[in-house]
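Student: quick one, structure for this:
(one chain, ligands or ions: 1)
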Amino acid sequence: MTDSKTSSTQTRSSELMERSRRIFPGGVNSPVRSFASVGGSPIVFSHGEGKWLTSVDGNRYVDFCGSWGPLIVGYSHPDVVEAVTRQAKRALTFGAPSEEELLLAEKIQEWVPGLEMMRFVSSGTEATMSALRAARAATGRDKIVKFEGCYHGHADFLLVKAGSGLATLSDSSDAKNATAPRSAPSSAGVPAGAVADTLTLPFNDVAALEALFAAQGKEIAAVIVEPMAANMGLVLPRSGFLETLRALTRAHGSVLIFDEVMTGFRVARGGAAEAFGVTPDLWTFGKIVGGGLPAAAYGGTKDVMRHVAPLGKAYQAGTLSGNPLAMAAGLATLGVMERTGAFEKLEATGRELDSLVRARLGKALSAGHVSYVRKASFFCFFFGTSALPANFQQVSGCDMPLFGKVYHAWLNDGLYMGPSGYEVGFLSTCHERADCEQLVNTVARVLGQSL
Ligand SMILES: *Cc1c(COP(=O)(O)O)cnc(C)c1O
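Tutor: So this is what the prediction gives:
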């Protein structure tokens, strides 16, 4: 691990970013990569192996970002590389049915009880957009409900009080004005009309949910939720929240959609639905499902999915949907997880992290300098708070400048994380106790605690 600091120069990264800024808005192809919220300039990477990321400057980092989730078995797992290479030699795309898409779909069905029919698309954004279209088609209703700080991709009608990159972008007055269910878009370029049927509520607020359903339940086509919110740091559902959501949607004939693009195949085999014991009508998946290549999916009950074209009248299509290369990568990733007991390994690493946090950050935790939460292979530090945030408003109250300081200390110590205090850390099956130790020691040092 000492060689992770062989060079702290970023000359080549800086040169490439300077050229990138001339051609890509902000120098990047997705805003969360820009370092806008932590300061400094993005690192440009050249390759990854297992838990290691190497930059174009030759610096090595232990990676806790995993490309924002997909790389649960690490970079370039030999089985995944082999599966993709084998498929690449046969065909990159057919634009017609292939056996690969069927094999992955059947594997997903095996892991996710209750998923009767599904369709592959190419990004999480497409999955949530299409799931909501199917829900609206099935119910004949227009209104949808989402929760503040949950991110469901960048479709126009979902860019309201959204998490992830939007959390950093949107001004804090938006985050603090949590009362009116109907809100303005949080992105420019989204007409007010596009979000007129999008109602927003605070996460974990059962009373607000009950009030909304009492008033407008019969008009609500669907509720979409990250069952475990992981785009505003990590916010777990309070006991009763998902259960109430299930009961209310069922009672009012609304479709319940779990956006498991991030939690799917990570929080448990059957995702958050299994982990929290609540089954939705529809799921959306992404990230891990493509094993690092562009793939996502939506699906659920036949009752809703039979409305999707050509079986039904809700149109949805994609030139590269079910791309065989992505299917091969996804199938190989799930295969590796199955064969290697990934969930047990990840939980064991997570427990080591918990105990290191308790041992090294005990004083900082009780003094309210930091709070820490972990679920399965997700972890998150919130700075400047002793209580774990339960909704977006509380997350926005955390000390983001302090996060930025810790972030740069992590980088200096050879640890790479998603560059924003609104993002979570991801464990992969490649991480070991020593990696967790380094992660926690850096936090302890920055918080000025003796180790
Ligand atoms: C990442 C993410 C999306 C968007 O997926 P993309 O592939 O980036 O479009 C949607 N929902 C959740 C919960 C996500 O974490």
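
Student: in the longest helix seen in the chain, which residues are buried?
Tutor: For the chain, the helix with the greatest residue count under DSSP state H is helix 342-366. For helix 342-366, the neighbour count (16 or more other Cβ atoms under 10 Å) marks 342-343, 345-347, 349-350, 352-353, 356-357, 360-361, 364-365 as buried. All C-beta atoms are positioned from the backbone trio N, CA, C, and that covers glycine.

Student: hmm, who's touching that helix?
Tutor: Here helix 342-366 makes contact (Cβ atoms under 8 Å, 6 or more residues apart in numbering) with 72-73, 268-269, 336-337, 370-372, 374, 376-377, 379, 386, 427-429, 431-433, 436-437, 439-441, 443-444, 447, 449, 451.

Student: any weak-confidence spans in the stretch 151-300 of the chain?
Tutor: Regions of the stretch 151-300 of the chain meeting the criterion pLDDT under 70 cover residues 167-182.

Student: show me where it has its helices.
Tutor: Under the criterion DSSP state H, counting those that start in this stretch, the stretch 151-300 of the chain contains helices at 165-169, 172-176, 206-216, 241-252, 271-276.

Student: need those helices in a markdown table (columns: mean neighbour count).
Tutor: Output for those, formatted as a markdown table (neighbours: other Cβ atoms under 10 Å):
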| stretch | mean neighbour count |
| --- | --- |
| helix 165-169 | 22 |
| helix 172-176 | 14 |
| helix 206-216 | 15 |
| helix 241-252 | 18 |
| helix 271-276 | 22 |
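
Student: OK, contacts around the residue in the chain positioned nearest to the ligand?
Tutor: Of all residues in the chain, residue 124 sits closest to the ligand, with a separation of 2.1 Å (Cβ to the nearest ligand atom). By Cβ under 8 Å, 6+ apart, the contact set of residue 124 is 152-153, 259, 261, 284, 286-287, 296.

Student: again, but for residue 110
Tutor: Applying Cβ under 8 Å, 6+ apart, no residues qualify as near residue 110.

Student: for it, give me the pLDDT.
Tutor: You'll see residue 110 listed with a pLDDT of 98.

Student: what do you get for residue 18?
Tutor: pLDDT, residue 18: 97.

Student: and it, which helix or strand is it part of?
Tutor: Residue 18 is part of helix 11-23 when elements are defined by DSSP states H and E.

Student: hmm, who's touching that helix?
Tutor: Helix 11-23 has contacts (Cβ under 8 Å, 6+ apart) with 27-28, 41-44, 55-57.

Student: try it again at 10 Å.
Tutor: For helix 11-23, the external contacting residues (Cβ atoms under 10 Å, 6 or more residues apart in numbering) are 10, 24, 26-29, 34-35, 41-46, 55-59.

Student: what of stretch 440-451?
Tutor: Under Cβ under 10 Å, 6+ apart, the answer for stretch 440-451 is 352-353, 355-365, 367, 369-370, 372, 381, 383, 402, 405-415.

Student: what mean pLDDT does that stretch have?
Tutor: For stretch 440-451, mean pLDDT rounds to 84.

Student: in that stretch, which residues are buried?
Tutor: Across stretch 440-451, burial judged by 16+ other Cβ under 10 Å covers 440-444, 446-447, 449.

Student: any chance of these in JSON lines, with distance to the ligand too?
Tutor: Below are the buried residues of stretch 440-451 laid out as JSON lines (distance: Cβ to the nearest ligand atom, whole Å):
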{"residue": "440", "distance to the ligand": "25"}
{"residue": "441", "distance to the ligand": "29"}
{"residue": "442", "distance to the ligand": "25"}
{"residue": "443", "distance to the ligand": "24"}
{"residue": "444", "distance to the ligand": "29"}
{"residue": "446", "distance to the ligand": "27"}
{"residue": "447", "distance to the ligand": "29"}
{"residue": "449", "distance to the ligand": "32"}
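
Student: quick check: closest non-adjacent residue to the residue of the chain closest to the ligand.
Tutor: Nearest residue to residue 124, sequence neighbours excluded (Cβ to Cβ, 6 or more residues apart in numbering): residue 286, at 3.4 Å.
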